[in-house]
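Peer 1: What follows is a predicted protein model with its sequence.
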Amino acid sequence: MAEPTTPIDDGVFERSSPKLSLAVEQPDRVVQFGFWPGSAARVHRAMNARFKLAKTLAPGRFATRGNALCIRTAFDTYLVVNADRQAQEDRLAPNICAVTDLSHARAAIAITGPAATPFLNRELAVDFSPEACPDGSAVQTTMHHMPVLLLRHAPDRFVLYVYRSYARDLAGWLADMALPFQTG
């Protein structure tokens with residue numbers, strides 16, 4: 001039986017403007033792949049093949065293929081979002097990595113619009129310049145005392161991945177923080 005889910009925003013994101021929009025983007029599936037010792041090359045090859053990557057992602061980078069994301073969150077870890085279960089796990093035998101389904105534990109909040117960067121910089125001391133944080137960057141940080149994984153998809157589009165147990169609180173806090181950007 002599937003676990004019941006509750007909307008994380010409870011209507012707090014109903015306000016938006018041309019400058020800033022906040023929206024819940026619940027991923028269908030989130031899977032973490034942790035390498036076993038000595039298996040890095042095999043895991044990289046499998047990820048490169050699955051996502052048709054010319055070279056292995058560096059930690060702190062992500063790539064997309066269709067609606068699926070491949071995020072290199074650490075030297076020995078990938079997080080894969082919205083990828084087909086069979087296509088991904090068939091390539092990764094249990095003897096080369098630990099495969100952990102985190103779908104039930106993650107929520108996503110999209111932040112879009114020309115005010116997205118100044119909005120995020122009210123809380124995050126992250127250099128969002130194109131040189132320091134280009135499109136395709138993945139930054140692990142904290143926001144409102146909560147761990148978040150922030151993905152930069154475009155200059156005016158970011159997605160925060162947060163633990164589901166914190167998501168409702170973060171959503172309300174973001175909505176309050178967005179008020180000055182959503183008026184006039």
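Peer 2: All right, it came through fine. Residues are numbered from 1 along each chain as shown.
Peer 1: going forward, measure contacts between C-alpha atoms and count neighbours the same way
Peer 2: Will do.
Peer 1: show me what contacts the residue nearest the centre of the chain?
Peer 2: In the chain, the residue lying closest to the centroid (C-alpha atoms, centre = their mean) is residue 161, at 4.3 Å. With contacts defined as C-alpha atoms under 8 Å, 6 or more residues apart in numbering, residue 161 is in contact with 106-109, 148-150.
Peer 1: So residue 163 is in contact with residue 103, correct?
Peer 2: No. Using C-alpha atoms under 8 Å, residue 163 and residue 103 do not qualify as a contacting pair, with a distance of 10.1 Å.
Peer 1: Can you tell me the SS state at residue 98?
Peer 2: The three-state label given to residue 98 by DSSP: H, G, I helix; E, B strand; the rest coil is strand.
Peer 1: Check it and give its pLDDT.
Peer 2: The model reports residue 98 with a pLDDT of 89.
Peer 1: Can you give me the domain boundaries for this protein?
Peer 2: As assigned by automatic domain parsing, the chain contains the domains 21-26+104-181, 30-103.
Peer 1: Pull up the distance across the longest one, start to finish.
Peer 2: What that stands for is domain 21-26+104-181. 9 Å (C-alpha to C-alpha, to the nearest Å).
Peer 1: same thing with the last one?
Peer 2: Using C-alpha to C-alpha, the end-to-end distance of domain 30-103 comes out at 4 Å.
Peer 1: which residues in the protein form helices?
Peer 2: For the chain, the helices defined by DSSP state H occupy 40-51, 85-89, 116-121, 164-178.
Peer 1: What is the third one packed up against?
Peer 2: Packing contacts for helix 116-121, counted by 3 or more C-alpha pairs under 8 Å, 6 or more residues apart in numbering; DSSP states H and E, involve no helix or strand.
Peer 1: Quick one: residues in contact with it.
Peer 2: 19-20, 128, 155-158, 177-178, 181.
Peer 1: what do you get if the cut-off is 7 Å, keeping everything else the same?
Peer 2: Taking contacts as C-alpha atoms under 7 Å, 6 or more residues apart in numbering, the residues outside helix 116-121 that touch it are 20, 128, 156-157.
Peer 1: ok, residue 60 - contacts?
Peer 2: Residue 60 sits in contact with 72-73, 137-139, where contact means C-alpha under 7 Å, 6+ apart.
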